[in-house]
Structures are given as C-alpha cells and as structure tokens.
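Asker: no sequence on this one, just coordinates:
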C-alpha cells in the first residue's frame with residue numbers, strides 16, 4: 001500500500017485524536033477521570049431526554065420498515081443471494097452486537113434492580129421483581145437492536161443496492177449529495193464513527209477484562225488487581241487482532257459459530273439446574289409487562305439518578321456501538337430483503353435476550369439472600385456457587401465471555417479498518433493492527449482512571465455527537481427508499497448528487 005493511501009485524512013485525524021486521549025489518560029489520570037465525570041453529569045443532567053427520544057425513534061423507524069411496502073427491497077441487486085447461512089449470519093451479528101454485555105449484565109442487572117429499584121418501589125418485593133425484569137427487557141430488547149438496524153440497513157442498502165463505498169458517510173449521499181459527502185462533512189461523519197467505535201469497544205473491553213479477572217479469581221484464585229487486568233487486555237487484544245487479520249471467513253465467522261453453540265449450551269444447562277417453573281413464569285409475566293409498558297417505559301425519565309446510570313447509560317452505549325456493529329452487520333447482509341433483515345436484526349435477538357435474562361435473572365434472584373455483597377463483574381460467579389455444576393458453568397462463562405468479546409472486537413477492528421481505508425470491504429492488516437492497539441490502550445486508560453464508572457462515562461460522552469448522525473441517517477435512508485424504483489430503472493434524478 002502506498003504511503004499516501006495509508007495516511008489518508010480520516011485515518012490520520014482519527015488516530016491523532018484517539019492517541020491524544022489515551023496519552024492524556026496516561027499522563028493525567030485524575031484529570032482525565034474528572035473530565036469524563038463532569039461530561040457525564042452534564043449530558044445526563046441536560047440531555048437524558050434526548051437519548052430517550054432518539055432511541056425510541058429508532059424503534060419506531062425500524063418497525064415501520066418491517067411492515068412497510070419497502071420490505072421486499074433486496075439489499076443488493078435483484079439476483080444477489082445471501083453470502084452466509086442464516087445461522088452463521090445470526091451468530092456473527094448477535095456476537096458482535098451484545099455478546100459481552102449479556103454475560104456481564106445477565107445476572108447482575110436483575111439483581112441490582114431487584115435490590116435497588118426506583119424510589120417508591122420496595123426493594124426485594126414482588127413489585128421490585130417485576131421492575132427488575134421489565135427494565136432488563138427494555139434495556140436489552142428492541143431499542144439496542146433498532147439502533148444497530150438503522151445504521152446497518154442504510155449502509156447495506158447504499159453498499160450493495162447502490163454500490164457506494166462501505167463508509168458511514170455514504171448513507172448521506174441522497175440527503176446532501178455526493179460532492180459534500182466526499183468533502184469535509186463526509187470525512188467528519190466517518191471520523192465521528194471511528195471515535196465512537198474506539199470508545200464503545202474500549203469500554204466493553206474494560207468490562208470484559210474485569211469480569212474475566214473476577215471469574216478466574218473464583219475458579220483458580222487469580223488475584224483481582226490492575227496488573228492482572230492489564231495482562232488480560234494484552235492477551236485478548238492479541239487474539240482479537242489476530243482473528244480480525246484472518247478475515248471474516250477464517251476468523252470472525254469461525255469464532256461466532258462457536259459462540260452461538262456455547263451460548264445455547266450455557267442457557268440450557270442453567271435452565272436445567274435452575275428453578276425451571278419460576279424461570280418460565282418470569283418469562284411469560286415479563287414479556288407481558290414489557291409489551292404493555294413498551295410505550296410509557298420507552299419515554300420514562302426523571303431526576304432519579306437511576307435513569308442516568310441505567311437507561312441513559314445503555315442508550316448511549318448502544319449509540320456508541322452502532323457505527324461499528326451497523327457497519328459490520330451491513331457487511332455480512334448482502335442479498336437479504338429489508339423485511340428479512342429487520343426480522344433477523346431486530347426481532348430474533350430481542351427474543352434471545354428475553355430468554356437469557358429470564359433464565360439468568362431468575363437464577364440470580366432465587367439466591368439473592370445468600371450471595372451477600374456483589375459487584376457487576378462477580379455476580380455471575382457468586383450466584384452459580386449455589387447451583388449444581390456451578391464451577392463448570394462459571395468456566396464456560398469465562399470462555400464465552402472471552403470469545404464473545406473477541407468477536408465484537410475483531411468485528412470493530414475490521415470495521416475501523418474499512419472506515420479509515422475509504423470503505424474497503426477487505427481492509428489491510430496494518431490498519432487493523434493499529435486500531436486494535438489504540439482500542440486496547442484506551443481500555444487500559446479507562447480502567448486506570450476509575451474502573452467501571454469511567455468506562456460507563458466514557459461511552460456516554462463519545463456517543464453524544466454520533467446520535468445526531470444517526471438521526472440524519474434515518475432521514476437520508478427514507479429519501480433513498482422513495483427514489484429506489486427510479487434508481488433501479490435508471491431514471492433517478494441525479495441533480496441532488498451534484499448539488500453544492
């Protein structure tokens with residue numbers, strides 16, 4: 001690769017900004033923590049409503065696409081076929097989208113909500129039980145997958161239907177024209193996408209590292225400290241960069257297929273050793289509560305700090321993940337119709353998450369009185385100490401946590417290579433290695449700056465500007481769909497693409 005191609009403006013600016021942030025965190029860790037904390041307080045205190053409304057708009061838009069007249073439009077040319085089997089496609093998109101989070105929060109979140117619900121709800125009561133599952137379903141249901149679907153659908157359409165570059169900025173050609181997309185506006189969009197991806201993946205790498213350390217502490221007595229966690233970051237980074245370099249077929253797809261097998265196996269064994277009737281009761285009851293409360297819960301927010309540390313954090317986290325997860329899902333979705341795509345990206349993962357939280361949330365709450373004090377990263381392992389095959393399940397969870405994160409991170413590294421290499425669907429190895437190292441560096445800085453709290457605040461701050469990009473993406477994609485028939489017939493008015 002020529003040097004001028006390697007050091008293009010998007011890559012150079014994104015890298016400089018990311019390295020400066022990592023450097024500040026290393027040199028001034030306390031100041032870095034103070035800045036992220038102050039930014040978090042400002043955004044949650046003043047713009048929590050914005051995250052709430054924005055994420056809800058994604059759900060509405062995705063559902064409209066599912067049932068609209070555009071549902072039969074293919075993400076590609078009329079004779080294009082899907083590149084991957086249904087199971088491999090689902091495995092890759094699910095692993096990239098939230099695999100790590102399910103292990104990290106699957107037991108812990110319902111426990112936290114059960115013991116510390118919103119003010120006005122008695123902790124550990126029947127009402128608190130309903131609250132725990134209803135909110136867990138909300139945070140891991142339609143909303144996150146709608147955010148991914150918005151980005152992925154628009155990208156896949158522009159890449160494979162209209163044969164544009166694999167860049168987030170390509171989505172905006174119907175809205176602002178090709179000339180502006182090729183200029184500073186488009187490059188700024190791609191830089192924001194890369195920066196949001198680095199921050200989102202770094203926060204998840206930090207969370208995964210903390211939980212892997214916690215799991216290994218319970219399994220083999222490995223100490224829980226910063227040195228061990230930095231070593232874990234180094235090992236995982238090597239593995240996810242390696243599989244990213246190997247490509248989709250030889251690396252990412254292989255690990256994703258293994259993830260799905262382990263995931264279903266862990267769910268099945270946990271169900272069999274857990275309180276089966278209570279799990280099924282909670283599943284049925286909670287699905288009803290989720291559906292009945294979907295609209296009011298989607299827009300609920302108050303001054304209670306609970307919303308900032310849970311719902312607003314999650315909405316910002318999903319937005320931070322949307323550029324890379326959306327770009328990756330788009331990359332593997334050629335040949336599917338819009339209706340098939342929405343069903344696979346929005347509906348199927350939501351159902352999977354409902355089963356996951358019903359099983360692991362019930363298993364955790366059943367022994368709530370026994371486990372005593374717990375943290376997010378240790379809750380899973382503490383809970384399964386009270387169940388048959390607990391050590392085995394904890395070991396599988398550590399393995400699954402590792403492979404899930406490898407899949408998410410290698411997908412992100414692959415995508416950052418695409419975005420910083422002018423949309424190349426098979427980016428070169430050097431850039432994937434660079435982005436893997438930068439992401440690991442930011443994860444280490446966030447851990448040193450304050451652990452889980454800094455990881456959460458970092459995600460929220462990074463996601464804020466990209467939320468505006470996603471809102472505009474919906475508008476641009478809607479405009480593109482209206483002109484689809486004309487485009488396919490070769491009669492589309494291209495004056496908009498030439499506008500200044």
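Answerer: Yep, that arrived. In this text, all values refer to a predicted model and were calculated from it rather than measured experimentally.

Asker: nearest residue to residue 255 other than its sequence neighbours?
Answerer: Spatial nearest neighbour of residue 255, excluding adjacent residues (Cβ to Cβ, 6 or more residues apart in numbering): residue 407 at 5.0 Å. (C-beta placed from N, C-alpha, C; glycine too.)

Asker: The one you found: which element?
Answerer: helix 390-419 (DSSP states H and E).

Asker: and that helix, which residues are buried?
Answerer: Neighbour counts over helix 390-419 (16 or more other Cβ atoms under 10 Å) mark 390, 393-419 as buried.

Asker: re earlier: and the residue nearest to residue 255, how close does it get to residue 436?
Answerer: 14 Å (Cβ to Cβ, to the nearest Å).

Asker: quick revisit: any idea how far the residue nearest to residue 255 is from residue 320?
Answerer: 17 Å.

Asker: what's the burial count for residue 372?
Answerer: Residues lying near residue 372 (other Cβ atoms under 10 Å) number 7.

Asker: List the contacts of it.
Answerer: residue 382 (Cβ atoms under 8 Å, 6 or more residues apart in numbering).

Asker: Just to check, the residue nearest to residue 255 is in contact with residue 95?
Answerer: Yes - using Cβ atoms under 8 Å, residue 407 is in contact with residue 95, at 3.8 Å.

Asker: ok, longest helix in this protein?
Answerer: Ordering each helix of the chain by length in residues (DSSP state H) puts helix 429-482 first.

Asker: I'd like to know which elements it is packed against.
Answerer: helix 9-27, helix 29-67, helix 142-156, helix 173-176, helix 184-220, helix 226-247, helix 313-331, helix 390-419 (3 or more Cβ pairs under 8 Å, 6 or more residues apart in numbering; DSSP states H and E).

Asker: between those helices, which one is nearest to residue 442?
Answerer: Among the helices and strands packed on helix 429-482, the nearest to residue 442 by Cβ to Cβ is helix 184-220 (3.8 Å).

Asker: Now do that closest one: which elements does it pack against?
Answerer: Other elements packing on helix 184-220 under the criterion 3+ Cβ pairs under 8 Å, 6+ apart are helix 9-27, helix 86-105, helix 226-247, helix 313-331, helix 379-383, helix 390-419, helix 429-482.

Asker: Please point out which parts of that helix sit buried.
Answerer: Neighbour-count burial for helix 184-220 flags 186-187, 189-218 (criterion: 16+ other Cβ under 10 Å).

Asker: low-confidence ranges in the stretch 251-400 of the chain?
Answerer: Across the stretch 251-400 of the chain, the ranges flagged by pLDDT under 70 are 251-252.

Asker: any idea where the helices of it begin and end?
Answerer: 253-273, 276-299, 305-307, 313-331, 338-342, 348-366, 368-371, 379-383, 390-419 (DSSP state H, counting those that start in this stretch).

Asker: Tell me which of the ones you listed sits most buried.
Answerer: helix 313-331 (a mean of 28; mean count of other Cβ atoms under 10 Å).

Asker: got the angle for that one vs helix 390-419?
Answerer: Here helix 313-331 runs at an angle of 60 degrees relative to helix 390-419 (axes from the mean of the first three to the mean of the last three Cα atoms, to 10 degrees).

Asker: who touches the residue nearest to residue 345 when sequence neighbours are not counted in this structure?
Answerer: Leaving aside its chain neighbours, residue 345 sits nearest to residue 149 (4.6 Å; criterion: Cβ to Cβ, 6+ apart). Taking Cβ under 8 Å, 6+ apart, we find residue 149 in contact with 58, 62, 65, 326, 341-342, 345-346.

Asker: And for residue 25?
Answerer: Contacts for residue 25 (Cβ under 8 Å, 6+ apart) come out as 32, 442, 445-446, 448-449.

Asker: what do you get if the cut-off is 10 Å, keeping everything else the same?
Answerer: By Cβ atoms under 10 Å, 6 or more residues apart in numbering, the residues touching residue 25 are 31-33, 35-36, 441-442, 444-449, 454, 458.

Asker: same check, this time on residue 200
Answerer: Under the criterion of Cβ under 10 Å, 6+ apart, the neighbours of residue 200 are 316-325, 408, 412, 439, 458-459, 462-463, 466.

Asker: Could I get the contacting residues of the residue nearest to it when sequence neighbours are not counted?
Answerer: Using Cβ to Cβ, 6+ apart and skipping residues adjacent in sequence, the residue nearest residue 200 is residue 320, 3.3 Å away. Contacts for residue 320 were tallied using Cβ under 10 Å, 6+ apart; they are 147, 195-204, 458-464, 466-467.

Asker: Identify the residues contacting the nearest residue to residue 343 once chain neighbours are set aside.
Answerer: Nearest non-adjacent residue to residue 343, counting by Cβ to Cβ, 6+ apart: residue 66, 7.0 Å away. With contact set as Cβ under 10 Å, 6+ apart, residue 66 has these partners: 149, 338-339, 341-343, 346-347.

Asker: Find the pair from the residues you listed with maximum spatial separation.
Answerer: Spatially, the most separated pair among the contacts of residue 66 is 338 and 347, at 13.1 Å (Cβ to Cβ).

Asker: Good, wrapping up.
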